[in-house]
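what follows is a predicted protein model with its sequence.
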Amino acid sequence: MGRECVNDARIEWHQQFDDSRFHPRGVIAIDDVLIDKTGKFIKDGTNRGYVGDLKFNRKPTYKGVERQAVGFAKTIPPSDRKPVAVDGVKQWHLSVCVKMPNIDHKVRVVILWRYKNDAEPRKILVTNKIHWNAERIIET
């Protein structure tokens, strides 16, 4: 079974459930491959904006150091985390540009913690729109 068939099946499966359905304006990331809402492969993600969840085991490179995203997040001291409120919910974040393996362009990650002093992040978002602020990335 080819990559396109596997991705078509994954997209169809994800679309069945409200909690995994992707936004109609966006794309879904599957194993470092970007697929648009129609199931079409996107070779270079810079032509179209996307925001997605970054798996904690992915290995971004920041300031020349490659490490798992969750490991990188654990190195961020609480004093560097900034508050952000979206839809009335306050959480803490750090937003930085990183390089990801097998992606030809820089991306921005937003690391989110429920509370300022949490040891582990609750979510890590990724986007190719490196000029967007954290609020816009979270709302998308």
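Everything's here; your move.

what's the next secondary structure element after the longest strand seen in the chain?
Criterion DSSP state E: the longest strand present in the chain is strand 89-98. Next in sequence after strand 89-98, counting helices and strands by DSSP states H and E, comes strand 107-113.

right, and the helix or strand after that following strand?
Past strand 107-113, the next helix or strand by DSSP H and E is strand 123-127.

for that next one, packing partners?
Applying 3 or more Cβ pairs under 8 Å, 6 or more residues apart in numbering; DSSP states H and E, one finds that strand 123-127 makes contact with strand 51-53, helix 69-74, strand 107-113, helix 134-139. All C-beta atoms are positioned from the backbone trio N, CA, C, and that covers glycine.

pick the most deeply packed of the ones you listed.
Mean neighbour count (mean count of other Cβ atoms under 10 Å) peaks for strand 107-113 among the helices and strands packed on strand 123-127, with a mean of 22.

please name every helix or strand in contact with it.
Using 3+ Cβ pairs under 8 Å, 6+ apart, strand 107-113 sits against helix 69-74, strand 89-98, strand 123-127, helix 134-139.

let's go with 10 Å and repeat that
In terms of contacts (3 or more Cβ pairs under 10 Å, 6 or more residues apart in numbering; DSSP states H and E), strand 107-113 is packed against strand 51-53, helix 69-74, strand 82-86, strand 89-98, strand 123-127, helix 134-139.

could I get these as CSV with distance to V107?
Formatted as CSV, these follow (distance: least, Cβ to Cβ, whole Å):
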stretch, distance to V107
strand 51-53, 10
helix 69-74, 11
strand 82-86, 19
strand 89-98, 6
strand 123-127, 5
helix 134-139, 11
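
of those, which is nearest K116?
strand 89-98 (4.8 Å; Cβ to Cβ).

mind showing which ranges of this structure have poor pLDDT?
Counting by pLDDT under 70, the chain has low-confidence residues at 1-48.
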